[in-house]
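In: Based on what follows, work out the 3D shape:
(chains A and B)
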There are 2 protein chains.
Amino acid sequence: MYKKVTNKDVLALEKLIDKTRVFIYDDSISEYSKDELGTLIGKPEVIVKVESTKEVSKVAKYAYDNNIPLTVRGSGTGLVGACVPLYGGIVLDMTLMNKIINLDEENQILEVEAGALLMDIADYTKARGYLYAPDPGEKSATIGGNITTNAGGMRAVKYGVTRDWVRALEVVLMDGTILEFGKKVVKDTSGYSLKNLIIGSEGTLAIVTKAYLKVVSLPEKSLSLLVPYASLEKAIEQVPKILNSGTNPTAIEFFTREALEYSETFLGKKFPDQNSPAYILLTFDGSQAEVDENAKKASELLINKFEAVDVLIVDTDERNEDVWSARSSFLEAIKASTPLMDECDVVVPRSEVSDYIKYTYELEEKYGLRLPSFGHAGDGNLHIYICKDDLSDEEWEVKLDLVFHDLYKRAKEVGGLVSGEHGIGYAKMEYLKESLGDVQINLMRNIKAAFDPKNLLNPGKIV
Amino acid sequence: MYKKVTNKDVLALEKLIDKTRVFIYDDSISEYSKDELGTLIGKPEVIVKVESTKEVSKVAKYAYDNNIPLTVRGSGTGLVGACVPLYGGIVLDMTLMNKIINLDEENQILEVEAGALLMDIADYTKARGYLYAPDPGEKSATIGGNITTNAGGMRAVKYGVTRDWVRALEVVLMDGTILEFGKKVVKDTSGYSLKNLIIGSEGTLAIVTKAYLKVVSLPEKSLSLLVPYASLEKAIEQVPKILNSGTNPTAIEFFTREALEYSETFLGKKFPDQNSPAYILLTFDGSQAEVDENAKKASELLINKFEAVDVLIVDTDERNEDVWSARSSFLEAIKASTPLMDECDVVVPRSEVSDYIKYTYELEEKYGLRLPSFGHAGDGNLHIYICKDDLSDEEWEVKLDLVFHDLYKRAKEVGGLVSGEHGIGYAKMEYLKESLGDVQINLMRNIKAAFDPKNLLNPGKIV
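Out: So this is what the prediction gives:
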């Protein structure tokens, strides 16, 4: 099996990079043994904080030559254990590689190191009149993490997901080879798309060190509409109609009064509207005229044809902050409502969202569990939280497994997939296998072996 | 090596599917031995016209069990020999699998068989108020061919390429296994993206039998602007500025007076404007108000800031037909101007287009060859034609190879890639290898082996 990290290895790593950036693991830095969800634990033997692609290459080569497993870590905000070093070895901490290197305005491409934070990229581009559109909720995530989970976010309805915004990647293979997949170009059909294979591979195929991201001119205006509904079912039923109305929304989110209550408790602040059991939150962006036209047309349709109770225009900064801070706090708010929880990030065809949510209510009854949820109505991606509450550890383990099986089984039945944007990591491997079947899993294993024949890079994940 | 097809095999294939759809190759059906460019010849032993995924599966399994190579063919409109059966064996003709199966309006997904033609998909969706946005020039191509070359087309500036419009694929592996990669969903991070590996794989990894395509509401209006320039250089220099102007064009094409002259000769019809050596052709689409606003803003910028000689609004059907028929005829028109030609489909960063075109003029001088070109200015994808004219076969072979090497070498130097949208097939393998290097080619070979360990599916292509 794998070689254990010895003192000699630590000395060698200190020589390869810099003594001050090599840390032997102990429980005072226990964050390196888990991710945001915190339930899966795997302790690294040594942590190396790299500052350059060359250093990544040197460390990878050393690990490769010495048969030591290597796991890459960004901000550690994942929810499926993808950055947890299950077999010990080296954790490569990418957070010092956080530079925004260059904005190539002629080609509309932003060059960033993999450890750059989403919030920094958003600030940097906005200040220069550009938009990098993917907008996952967790702004302190690194772009490298976003790329390797193919993160989605709120604006996916109009702008697509991270995959659609990556022009090229600099990667380091497990043996230390530095490569570039893709180029600063728009079209590419030059052999198999290795770039697209790396996107969503959760650090198991190669180490992403640099990304060339597509950016576009910053839209002149953005406007949200908060749309109360008499029921969640009624709300979600309108989503395909909204999408077919030609009004081109940027985001279509849904949430219930219940989710808002978690948020109100967590934020200590009332949501601007208190009257309805369910809401759709719509955003439009573009030129002034375009946004005005689309929002006006959508408002009329919502009231007259799409059964909305009302349409509240979110047109002040304060109102915008109130609405979006509530929407953005759901994960944290639900997390704060229970001692422990786990998450199901299924994606189903949009037409199935309403029935699927109803099914979670059935499961709440069936197992006597709380399953609060919210989601991206515009793209069929749901976040369903399974709360431990006052269950014993044993009951929890048993029920969690049963609920997950039911949830993923139903997702498969209605044409869905295990994960929309949070990935598989370790936590969802079993369900991925049930969802895709042995042949696809074997293809993936063969691909893994093609990139990492010694199975040293983030072993025990995805397949 | 491979097993030769015998009478026994033909009888077995006739039994597996239907006698009337199995053809032993002879020169009366020589179209099966080449593609649109016609320079690469490889004769199949038998052709099977399949009608269903099940038939594809049966034929693939038979070929797999008997070690017979299998090459998939759609309309044969490729330009790099990807559908030419270099090692004989079976050609799987997909053209009878041309059904448009279903338009799922709720999920905005069109379900089609792989042999469906682009023009039929365009008509079908338009009639129902939807747009499948990718718009490659060759409308008689099959969607399967478009997917396996990741075809681009004119609208890539705003809408991206075929890859961006494929939600899911039904494929058949070489051993006959039928699988589905992806689902009718928007977001997906459920293991390695096998779907994205198939897209652009030119029939070497699996046989695409069905596709689930994204569609959007048909834009209310589309409007083109024909923009004359004093020189091609001046024209192309404006492209990044247009892209950064916030006017969101759908397409940005460029062409020279020279290309128009080929087209005028070929079509026997004068181009609507005769006064300028170079043109940019811009299109906008969207709602009425959006198009009007963007076209107006762009026109003002073009005249006042972007050095245009004039802006001609293409606002009648007749004018539109004249302009776009000229633009669409370039390939055929240049082909008609020479007894033989070959094509270079490089893609370079947009900022490099102007210099790259100048470099082709240098090569014309250097080799005494004609290299007419045109291209997608908005996405850096150029189509450069190397014309044989009155060269002897020997001179042609020598010069063609030299020119290609120069062209691809320069593309690499300026951060470009071998192919933007026409693929690698057989014709560009050598240049792909020079461009990407051995490590990437070896990764691709390992991926090929992961899908097709016996190397039976379209052997001798890409890697």
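
In: give me the low-pLDDT residue ranges for chain A?
Out: Of all residues in chain A, none has pLDDT under 70.

In: per-domain residue ranges of it.
Out: As given by automatic domain parsing, the domain ranges for chain A are A:7-96, A:100-217, A:221-331, A:338-439.

In: what about the helices in the stretch 351-463 of chain A?
Out: A:353-367, A:393-413, A:429-436, A:438-451 (DSSP state H, counting those that start in this stretch).

In: nearest to A:Tyr32, of these?
Out: Taking CB to CB, helix A:429-436 is the member of the helices of the stretch 351-463 of chain A nearest to A:Tyr32, at 21.5 Å. For glycine as for every other residue, the C-beta is placed from the backbone atoms N, C-alpha and C.

In: Say whether chain B is contacted by that closest one.
Out: Yes: using CB under 8 Å from any CB of the partner chain, helix A:429-436 reaches chain B at A:432, A:435-436.

In: Quickly name whichever of those is closest to chain B.
Out: Relative to chain B, the closest of these is A:Leu432; by CB to the nearest CB it sits at 5.5 Å.

In: quick one, what contacts the closest one?
Out: A:418-419, A:424, A:441, A:462-463, B:190-191 (CB atoms under 8 Å, 6 or more residues apart in numbering or on different chains).

In: Farthest-apart pair in those, please.
Out: Applying CB to CB across the contacts of A:Leu432, the maximum distance is between A:Ser419 and A:Ile441, 14.6 Å.

In: Who has more neighbours out of those two?
Out: Per other CB atoms under 10 Å in any protein chain shown, whichever of A:Ser419 and A:Ile441 has more neighbours is A:Ser419, with 32 against 18.

In: I figured the more buried one hits A:Val347, correct?
Out: Yes: if you go by CB atoms under 8 Å, A:Ser419 and A:Val347 touch, sitting 7.0 Å apart.

In: which residues do those two both contact?
Out: B:Asp188.

In: residues in contact with A:His376?
Out: A:152, A:154, A:156-157, A:251-253, A:382, A:420, B:187.

In: Okay, A:Leu131 and chain B: tell me how far apart.
Out: 11 Å (CB to the nearest CB, to the nearest Å).

In: Can you show me the helices along the stretch 151-300 of chain A?
Out: Using DSSP H, counting those that start in this stretch, helices in the stretch 151-300 of chain A cover A:156-159, A:194-198, A:232-237, A:239-243, A:257-267, A:288-304.

In: Export these as a markdown table, with columns for distance to chain B and mean neighbour count.
Out: Shown next, in a markdown table, are these (distance: least, CB to the nearest CB, whole Å; neighbours: other CB atoms under 10 Å in any protein chain shown):
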| stretch | distance to chain B | mean neighbour count |
| --- | --- | --- |
| helix A:156-159 | 6 | 22 |
| helix A:194-198 | 4 | 24 |
| helix A:232-237 | 10 | 21 |
| helix A:239-243 | 4 | 21 |
| helix A:257-267 | 20 | 19 |
| helix A:288-304 | 5 | 18 |
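
In: Could you point out which of these sits nearest B:Leu92?
Out: helix A:194-198 (25.5 Å).

In: Return the list of helices and strands in contact with the closest one.
Out: In terms of contacts (3 or more CB pairs under 8 Å, 6 or more residues apart in numbering or on different chains; DSSP states H and E), helix A:194-198 is packed against strand A:166-172, strand A:178-182, helix B:194-198, helix B:438-451.

In: swap the cut-off to 7 Å and go again
Out: strand A:166-172, strand A:178-182 (3 or more CB pairs under 7 Å, 6 or more residues apart in numbering or on different chains; DSSP states H and E).

In: Nearest to chain B, out of those strands?
Out: Nearest of the helices and strands packed on helix A:194-198 (CB to the nearest CB): strand A:178-182, 6.2 Å.

In: is the closest one up against chain B anywhere?
Out: Yes: contact of strand A:178-182 with chain B (CB under 7 Å from any CB of the partner chain) involves A:Leu179.

In: Neighbouring strands of that strand in the sheet, and parallel or not?
Out: strand A:166-172 (antiparallel) (DSSP bridges).

In: got the CA coordinates for stretch A:98-106 in PDB?
Out: The C-alpha coordinates for stretch A:98-106 follow below in PDB (Å, rounded to 0.1, in the frame of the first residue of the first chain):
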ATOM      1  CA  ASN A  98      -4.600  33.100  -4.600                       C
ATOM      2  CA  LYS A  99      -3.400  35.700  -7.100                       C
ATOM      3  CA  ILE A 100      -5.500  37.200  -9.800                       C
ATOM      4  CA  ILE A 101      -2.800  37.300 -12.500                       C
ATOM      5  CA  ASN A 102      -4.200  39.200 -15.500                       C
ATOM      6  CA  LEU A 103      -7.400  40.500 -17.100                       C
ATOM      7  CA  ASP A 104      -7.000  40.200 -20.900                       C
ATOM      8  CA  GLU A 105      -9.600  42.600 -22.000                       C
ATOM      9  CA  GLU A 106      -9.100  42.000 -25.700                       C
END
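
In: and that stretch, which residues are buried?
Out: A:98, A:100, A:103-106 (16 or more other CB atoms under 10 Å in any protein chain shown).

In: Next, give me the two most distant ones among the residues you listed.
Out: A:Asn98 and A:Glu106 (24.9 Å).

In: what's the span of stretch A:451-463, first residue to last?
Out: For stretch A:451-463, the first-to-last residue distance is 14 Å (CA to CA, to the nearest Å).

In: can you check stretch A:311-323 too?
Out: 14 Å.

In: which other residues reach it?
Out: A:223-227, A:272-273, A:281, A:299, A:302-303 (CB atoms under 7 Å, 6 or more residues apart in numbering or on different chains).

In: From the buried residues of stretch A:98-106, pick the one nearest chain B.
Out: After measuring the buried residues of stretch A:98-106 against chain B - CB to the nearest CB - the closest member comes out as A:Glu106, at 3.9 Å.

In: Secondary structure class of the closest one, three-state.
Out: coil (DSSP: H, G, I helix; E, B strand; the rest coil).

In: Hmm, B:Val239 and it touching each other?
Out: No: between A:Glu106 and B:Val239 there is no contact under CB atoms under 7 Å: 8.8 Å.

In: Just the CA trace of stretch A:378-391, in CSV.
Out: Taking Å, rounded to 0.1, in the frame of the first residue of the first chain, the C-alpha atoms of stretch A:378-391 are listed here in CSV:
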residue,chain,number,x,y,z
GLY,A,378,-34.7,27.3,-12.8
ASP,A,379,-32.4,24.4,-13.1
GLY,A,380,-33.9,21.5,-11.1
ASN,A,381,-31.1,21.5,-8.5
LEU,A,382,-32.4,20.9,-4.9
HIS,A,383,-30.7,21.2,-1.6
ILE,A,384,-32.4,18.9,0.9
TYR,A,385,-31.0,18.7,4.5
ILE,A,386,-31.4,15.7,6.6
CYS,A,387,-31.4,16.9,10.3
LYS,A,388,-30.2,14.7,13.1
ASP,A,389,-32.0,16.7,15.8
ASP,A,390,-32.4,14.5,18.9
LEU,A,391,-31.7,11.2,17.3
